[in-house]
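Q: Next comes the sequence, and after it the predicted model I'd like to discuss.
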Amino acid sequence: MKCPYCRFDDDAVLDSRPMQEGTAIKRRRECKHCGRRFTTFETIEEMQLIVVKKPGPDGESRREPFDRAKLLRSIRVACQKRSISEETLQGIVDDIDRTLTNRLEKEVSSTDIGELVMDHLHGLDQVAYVRFASVYQAFEDATQFRDIVNMLRKQRTRKKDSGAVSE
């Protein structure tokens, strides 16, 4: 491993710790040349998942590598100014990533990913759910917002009527 400071390629590992439920290792290293310390992460190299996007104006579907950071950003936007911890958001992304990986398919549609996000947000926070749905389902007017809010109200009423505790 090359030192990020002096580019020397000999170092000593000072500490190793398992991360992400044992699927990664965090190592603290010290360069033998300049003495500076730095951290590295080792993860399992998995099959690259490809996301198949919805067809564009030309009718062609685009394909791009699955990007956890992009998924997390889109969920963060939906959950902005809501009392949802970063740990919870990371957990949603971890769960979606694990679900997609366990399917053992090389390609997944962006629609499938959107549905998985909506499933998680539906039970977590209704405002975040509506925000995400409005972008994911490309709402074109206010009636679509009204429809989804009415659907959520009906579900909450059914839960109260059946004796389930809500919020």
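A: Cool, the structure landed.

Q: which residues in the protein form helices?
A: 68-78, 86-102, 110-124, 126-136, 142-161 (DSSP state H).

Q: can you tell which of those helices is closest to Thr23?
A: helix 86-102 (9.6 Å; CB to CB). All C-beta atoms are positioned from the backbone trio N, CA, C, and that covers glycine.

Q: For the closest one, give the mean pLDDT please.
A: For helix 86-102, the mean per-residue pLDDT is 93.

Q: any idea how the chain splits into domains?
A: Per automatic domain parsing, the structural domains of the chain span 11-43, 50-161.

Q: Turn the ones you listed into TSV, including distance to Lys2 and mean neighbour count.
A: Shown next, in TSV, are the domains of the chain (distance: least, CB to CB, whole Å; neighbours: other CB atoms under 10 Å):
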stretch	distance to Lys2	mean neighbour count
domain 11-43	9	13
domain 50-161	24	14
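
Q: ranking those domains by mean pLDDT, which is last?
A: Looking at those, the bottom one is domain 50-161 with a mean of 84.

Q: Now the residue lying farthest from the centre of the chain. Nearest residue, chain neighbours left out?
A: When distances are taken from the C-alpha mean of the chain, His33 lies farthest, 38.8 Å away, according to CA atoms, centre = their mean. Distance criterion CB to CB, 6 or more residues apart in numbering; nearest residue to His33, sequence neighbours excluded, is Phe8 at 3.6 Å.

Q: what's the answer for Cys3, then?
A: Once flanking residues are discounted, Cys3 sits nearest to Cys31: 3.8 Å by CB to CB, 6+ apart.

Q: And Leu121, by the same measure?
A: Per CB to CB, 6+ apart, closest to Leu121 is Tyr129, 4.2 Å.

Q: Ok, Leu100 next?
A: Leu100 sits nearest to Val108 (CB to CB, 6+ apart), 5.4 Å away.
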